[in-house]
Every structure is written in structure tokens, then in C-alpha cells.
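> got a structure for you, letters missing:
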């Protein structure tokens, strides 16, 4: 059986990949790369998966985790931006260990933004000459159950410097399903890139209306200037680096061309992508308490 290593296995995307693989009939030997073998076994106890120690911040864990690995599912934890320090050794270890294919979770529009870590990681993969598949998802709907969750619950608002910019969206469950479909049929996806979006673009004012209707409460959207946003988030003790990431994600799209809607989710899964309305309905309990 082909050994597949899933990095970030206990995170939002990694867990959805493992969950989707669980529903698929395959002959893969799935390994979850985790930082804490005891704690993370409990987190993933519902799934049939092997465990191996893999810590992005500890280069010494790379070689053992990648030993015998044929396919690597690679993502970038938000807190790690030093590509040369961490990702170059990962790719180098892949070459040394004979990894045959890397599926990398990148980001939509990466080819237009050379300063972001995802662009540099894609280049490392390309330069390695290891076969690849780049998944380039749009804005995660699950940001509403993570980064934006506190504002939504405590203040009934979306507070972001996004103005009237339109965003493409994707549900992380679709990313997991697409990833599983690719991992279990890897020969069909050699050296390909897929932008993953749902089929509708939305501004945050429109998202606020959808949230209000489905959650049956009034959700306001406020777009502050950058100084107000920064000071408000610092007062909330949000780390400066995370604030800067939020600015990059939400402010700069105001001055860029609108991202494109694609149908890769539908093509790969033979069903329509999850809509924002479906996401909110599915997560109604979580979004209201």
C-alpha cells in the first residue's frame, strides 16, 4: 500500500481530509503527522489512521515521518511563514526519501502574489521536480467558526476592513472531499493546479444578510479604517502578526481584480460545491452559541 502522510492532521483542513478518506474505498496507508502522539491520538480517535511524529518547527521529525512515504499532503500552518527555514528542509527530505507526489494546499490567486509564503512553497515544489498537485482554495467559510467567531457571537457583527470587495468562498468540507478524491486517484492529477470555490461571489455585507436570515438575528457588517481595525484588535489581545494577516486577507482585495469563480469542486466531486447558505445552516448551532 502507498504510504500517505497528512500534515496538519488535527487542524480544520487536515481533519476533513482524513474524514473524507475514511468515507472512500482506497488502498492507501494513511499516516497523520502530529505534534503530540498521545493527545492527538485522542483527537483523531474516530478515524482509522496511523500516527507519526511530525512537527513543522522541529526539522528532526521530518525524516522519520517521511520514511517510505510516497504521497505527501502538505499545508502551511498560519503561524509559520519562514519558508527557507522550514519548508525547504521538508522538500529536501522528500527528495532524499523518494517521495513521488506532493499535494500542496496553497491559496487562490497565489500566482499574482509573490510575497506570500504559498508562492515560495509552490516554487520549492516545482524546483524539486517532484510531481505535484496544487490546491488553491478561496476564502474559507470556516473563518466564521474560527477567526471571526468571537465578533459574531459577542457583538453580532462582522468587523473587517473589506469595504464592498467581493470574495469567492469555499467550505473546508469540500477541500477535504476534493483532497481525498485526488489522493485516491493521484495519477489523474499529476502536475495540475485547481482553484477551489463555490459558485457565487459575496461581499461581507451580503454574507451578513445571509447570516441574519438563517440565524434569525441581526448581524451587522462594519468596515473600519485600518487604524481603527488594528487598535480594536490589539485591545482584544489579538497577536499583531494575525492582525496583519487579517489585513492582507480582507483589505487588499478592495484594490485587486475580483477572483474568479471556478467549477473544479463540481468537476472533481460530481456534485455542486457547498453554498454559503448551506454552510450557515449546517453550522447554525455553532454560530449562535
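Sure, I can see it. Every value quoted in this text rests on a predicted model; they were computed, and no experiment measured them. Residues are numbered from 1 along each chain as shown.
> all helices for the stretch 51-200 of the chain, in order.
With helices called from DSSP state H, counting those that start in this stretch, the stretch 51-200 of the chain shows them at 62-66, 88-97, 117-128, 149-155, 172-183.
> deepest of those, which one?
Highest mean neighbour count among those (mean count of other Cβ atoms under 10 Å): helix 172-183, with a mean of 23. Any C-beta I mention is one placed from the backbone N, CA and C, and that applies to glycine too.
> does anything pack onto that one? Which helices or strands?
If you count contacts as 3 or more Cβ pairs under 8 Å, 6 or more residues apart in numbering; DSSP states H and E, helix 172-183 packs onto helix 12-22, strand 69-74, strand 101-105, strand 131-137, strand 192-196, helix 264-269.
> cutoff 6 Å now
Applying 3 or more Cβ pairs under 6 Å, 6 or more residues apart in numbering; DSSP states H and E, we find helix 172-183 packed against helix 12-22, helix 264-269.
> hmm, who's touching that helix?
4, 12-13, 16-17, 20-21, 24, 133, 137, 140, 142, 189, 265, 268-269, 273-274 (Cβ atoms under 6 Å, 6 or more residues apart in numbering).
> that one to strand 131-137, inter-axis angle?
With axes from the mean of the first three to the mean of the last three Cα atoms, to 10 degrees applied, the angle from helix 172-183 to strand 131-137 works out at 170 degrees.
> format the helices of the stretch 51-200 of the chain as TSV; extra columns: mean pLDDT.
Shown next, in TSV, are these (pLDDT from 0 to 100):
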stretch	mean pLDDT
helix 62-66	96
helix 88-97	97
helix 117-128	96
helix 149-155	95
helix 172-183	98
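> which of the contacts of helix 172-183 count as buried?
The neighbour-count test (16 or more other Cβ atoms under 10 Å) applied to the contacts of helix 172-183 identifies 4, 12-13, 16-17, 20-21, 133, 137, 140, 142, 189, 265, 268, 273-274 as buried.
> pLDDT-wise, what's the bottom of those?
Scanning those for pLDDT, the low point is residue 12. It has 93.
> which non-adjacent residue is nearest it?
Of all residues not flanking residue 12 in the chain, residue 172 sits nearest, at 5.2 Å (Cβ to Cβ, 6 or more residues apart in numbering).
> what does residue 33 give?
The nearest residue in space to residue 33 (Cβ to Cβ, 6+ apart) is residue 54, at 3.0 Å.
> try residue 240
Spatial nearest neighbour of residue 240, excluding adjacent residues (Cβ to Cβ, 6+ apart): residue 234 at 7.2 Å.
> with residue 151 instead?
Closest to residue 151 by Cβ to Cβ, 6+ apart is residue 159, at 5.1 Å.
> in this structure that neighbour contacts residue 148, no?
No. Assessed by Cβ atoms under 6 Å, residue 159 is found out of contact with residue 148, at 8.3 Å.
> need the residues touching each of those two.
Both residue 159 and residue 148 lack any common contact, where contact means Cβ under 6 Å, 6+ apart.
> so what's residue 275 closest to, chain neighbours aside?
For residue 275, ignoring the flanking residues on the chain, the nearest one in space by Cβ to Cβ, 6+ apart is residue 198 at 5.7 Å.
> got the contact list for that neighbour?
So residue 198 contacts 169-170, 273, 275 (Cβ under 6 Å, 6+ apart).
> just give me the neighbour total for residue 217.
12 (other Cβ atoms under 10 Å).
> per-residue confidence at it?
Reported pLDDT at residue 217 in the predicted model: 96.
> quick check: residue 229 touching residue 161?
Yes. Counting by Cβ under 6 Å, residue 229 touches residue 161, with 4.8 Å between them.
> might one say that residue 205 is in contact with residue 221?
Yes. Counting by Cβ under 6 Å, residue 221 is a contact partner of residue 205 at 4.8 Å.
> residues in contact with stretch 217-232: which ones?
Contact with stretch 217-232 is made by 156-159, 161-163, 204-205, 208, 211-212, 243, as judged by Cβ under 6 Å, 6+ apart.
> quick one on the thing from earlier: separation between the residue nearest to residue 33 and residue 127?
22 Å (Cβ to Cβ, to the nearest Å).
> where does the stretch 1-150 of the chain have low pLDDT?
Along the stretch 1-150 of the chain, no part satisfies pLDDT under 70.
> paired strands for the helix or strand containing residue 4, with orientation please.
Here residue 4 sits within strand 2-6, counting by DSSP states H and E. Strands that pair with strand 2-6, judged by DSSP bridges, come out as strand 28-34 (parallel), strand 69-74 (parallel).
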